[in-house]
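Novice: structure for the following, please:
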Amino acid sequence: MIRLTYRIETPGSVEAMATKIASDQSTGTFVALPGETEELKARVAARVVAVRPLPAADHASFPGEAAGATAFNRADVDIDFPMDAIGTDLSALMTIAIGGVFSIKGLTGIRIVDMKLPQEFAAAHPGPQFGVPGSFALTGVRGRPIIGTIVKPALGLRPHETAEMVGELIAAGVDFVKDDEKLMSPAYSPLKERVAAIMPKILDHEQKTGKKVMYAFGISHADPDEMMRNHDLVLEAGGNCAVVNINSVGFGGLSFLRKRSGLVLHAHRNGWDILTRHAGLGFEFSVWQQFWRLLGVDQFQINGIRVKYWEPDESFVRSYRAVSAPLFSAKDVALPVVCSGQWGGQAPETIAATGGSTDLLYLCGGGIVSHPGGPGAGVKAVQQAWEAAVAGVPLETYAKDHPELAQSLEKFADGKAS
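Specialist: Numbers count the residues shown, from 1 in each chain. Coordinates of the predicted model:
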């Protein structure tokens, strides 16, 4: 069985609405049908297995469905779908168990808050190729987070200008650099020219020091064949990572890429906010991320503490736990990428929120490249902040002997890397 948990909101009966969801999303429609036998329903019909009431809401998530009501009943409802009805196809799962429920009349709110998949899904999908151990092995990092940054400004730098910044970051000891998700192959910075400008610096540094900085090039494209050509361009130049805008390329695009990929796949979740930002509608990240991990992303961006966007800290913590928890085994865990307005100042709160784990990629854009001492000093400041956080030393104390961290604390004292 596949179990979906729906957070139902309705001015009427939650139980009746749960029964309607189970029927509409499996064997039923608005009238009894010829051929809808008890044997058929026993084999493929979805079934309501639990209803857990929640406090009523005083406003509707879908105001147009309120019909003058002033109170809205809420409950978390478990519905089981037989494997015979869906199989292990993720597009079928999205269509049958999730997609259709948002169109059901009478709901004033509906949110998918949990999903439990049977073992058959593990065998049917590849999962991460590199994941957490591969990311750490390729960067040579041990005992601390992978420290990374993003090429900023996101739009406008030409290949040689990007390469100059990357050279400074590499010299400062950065572990990871990525193209911004908005940077794919624009006219002013074609991917081919960007790869040609950046990879020699990475390979030269590797020859001199033995450390290969991981650079994630933006290869996303609506045409899977073109995306694959972008992948091959990076791989043939000696690269080992790619940024993939997963919502933009879709299930099919990512599946096509993963089956042929030799690169670490760094997932940017652009567009996820559309699906989740309203608390009474859409998805919990814990549900949505399962699809992409099964399809094979290795690293997953999940925002962080005190982000520059809308997401509260408790949502980040839930996302971290979801990405870090095995679906079926430790092999399917993706590396959490902590990002969005991060600088060294959030390191102590981050390590506390993750239960002391340093199995993450700590990704700072402006928090590194806008450091008063330049991007190189920005890298050192974040490294120093994590040294202090891991040791349990207050940042202000550690900064007394670490000028880069001291400058960072002064620059970003309001908690914003801007």
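Novice: and the chain, what are its domains?
Specialist: Domain ranges of the chain: 2-124, 131-411, per automatic domain parsing.
Novice: tell me, which of these is the model least confident about?
Specialist: Mean pLDDT is lowest for domain 2-124 among the domains of the chain, at a mean of 89.
Novice: pull the distance from that domain to the chain's centre.
Specialist: Taking Cα atoms, centre = their mean, to the nearest Å, one finds domain 2-124 lying 25 Å from the centre of the chain it belongs to.
Novice: same check on stretch 136-154?
Specialist: How far stretch 136-154 lies from its chain's middle: 17 Å, per Cα atoms, centre = their mean.
Novice: buried ones in it, by neighbour count?
Specialist: Using 16 or more other Cβ atoms under 10 Å as the test for burial, stretch 136-154 gives 136, 138-139, 141, 144-152. The way it works is simple: take the backbone N, C-alpha and C, and place the C-beta from them, glycine included.
Novice: likewise for stretch 110-120?
Specialist: Neighbour-count burial for stretch 110-120, counted by 16+ other Cβ under 10 Å, picks out 110-112, 115, 117.
Novice: pull the residues that contact stretch 301-309.
Specialist: 266-269, 273, 285, 311, 313, 315-316, 319-320, 323, 336-342, 346, 349-350, 353, 363, 415-418 (Cβ atoms under 8 Å, 6 or more residues apart in numbering).
Novice: CA-only coordinates of that stretch in PDB, if you can.
Specialist: Output of stretch 301-309 as PDB, limited to C-alpha atoms (Å, rounded to 0.1, in the frame of the first residue of the first chain):
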ATOM      1  CA  GLN A 301      19.000  23.100  -1.400                       C
ATOM      2  CA  ILE A 302      16.700  23.700   1.700                       C
ATOM      3  CA  ASN A 303      17.300  27.300   2.800                       C
ATOM      4  CA  GLY A 304      18.600  27.900   6.300                       C
ATOM      5  CA  ILE A 305      18.400  29.900   9.500                       C
ATOM      6  CA  ARG A 306      17.200  33.500   9.300                       C
ATOM      7  CA  VAL A 307      16.900  33.400   5.500                       C
ATOM      8  CA  LYS A 308      16.300  36.300   3.200                       C
ATOM      9  CA  TYR A 309      13.100  34.800   1.900                       C
END
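Novice: let the chain start at 21 from now.
Specialist: From this message on, residue numbering opens at 21, which makes the last subject stretch 321-329.
Novice: so for it, what gets flagged as buried?
Specialist: Within stretch 321-329, the residues scored as buried using 16+ other Cβ under 10 Å are 321-328.
Novice: check stretch 281-288 too.
Specialist: Applying 16+ other Cβ under 10 Å to stretch 281-288 flags 281, 283-288 as buried.
Novice: swap in stretch 31-45?
Specialist: Result for stretch 31-45 [16+ other Cβ under 10 Å]: buried residues 31, 34-35, 37-45.
Novice: kindly report the same for stretch 228-242.
Specialist: Those would be 232-241, for stretch 228-242 by 16+ other Cβ under 10 Å.
Novice: cross these against strands and list the overlap.
Specialist: Among the buried residues of stretch 228-242, the ones falling in strands (DSSP state E) are 234-238.
Novice: go through the domains of the chain and pick out the most buried.
Specialist: Mean neighbour count (mean count of other Cβ atoms under 10 Å) peaks for domain 151-431 among the domains of the chain, with a mean of 20.
Novice: just curious, which of the buried residues of stretch 228-242 is nearest to residue 83?
Specialist: Of all the buried residues of stretch 228-242, residue 83 sits closest to residue 240, with 35.5 Å by Cβ to Cβ.
Novice: hmm, who's touching the longest helix anywhere in the chain?
Specialist: Longest helix in the chain by number of residues (criterion: DSSP state H): helix 211-229. Outside helix 211-229, the residues that touch it by Cβ under 8 Å, 6+ apart are 179-180, 182-183, 186-187, 190-191, 199, 204-205, 231-233, 235, 237-239, 250, 253-254, 257-259.
Novice: which stretches in the chain count as strands?
Specialist: For the chain, the strands defined by DSSP E cover 22-30, 67-77, 92-101, 129-136, 166-170, 196-198, 234-238, 261-265, 284-288, 301-303, 319-321, 355-358, 381-384.
Novice: need those in JSON lines (columns: distance to residue 426).
Specialist: Shown next, in JSON lines, are the strands of the chain (distance: least, Cβ to Cβ, whole Å):
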{"stretch": "strand 22-30", "distance to residue 426": "47"}
{"stretch": "strand 67-77", "distance to residue 426": "48"}
{"stretch": "strand 92-101", "distance to residue 426": "48"}
{"stretch": "strand 129-136", "distance to residue 426": "44"}
{"stretch": "strand 166-170", "distance to residue 426": "18"}
{"stretch": "strand 196-198", "distance to residue 426": "24"}
{"stretch": "strand 234-238", "distance to residue 426": "28"}
{"stretch": "strand 261-265", "distance to residue 426": "32"}
{"stretch": "strand 284-288", "distance to residue 426": "32"}
{"stretch": "strand 301-303", "distance to residue 426": "42"}
{"stretch": "strand 319-321", "distance to residue 426": "29"}
{"stretch": "strand 355-358", "distance to residue 426": "23"}
{"stretch": "strand 381-384", "distance to residue 426": "17"}
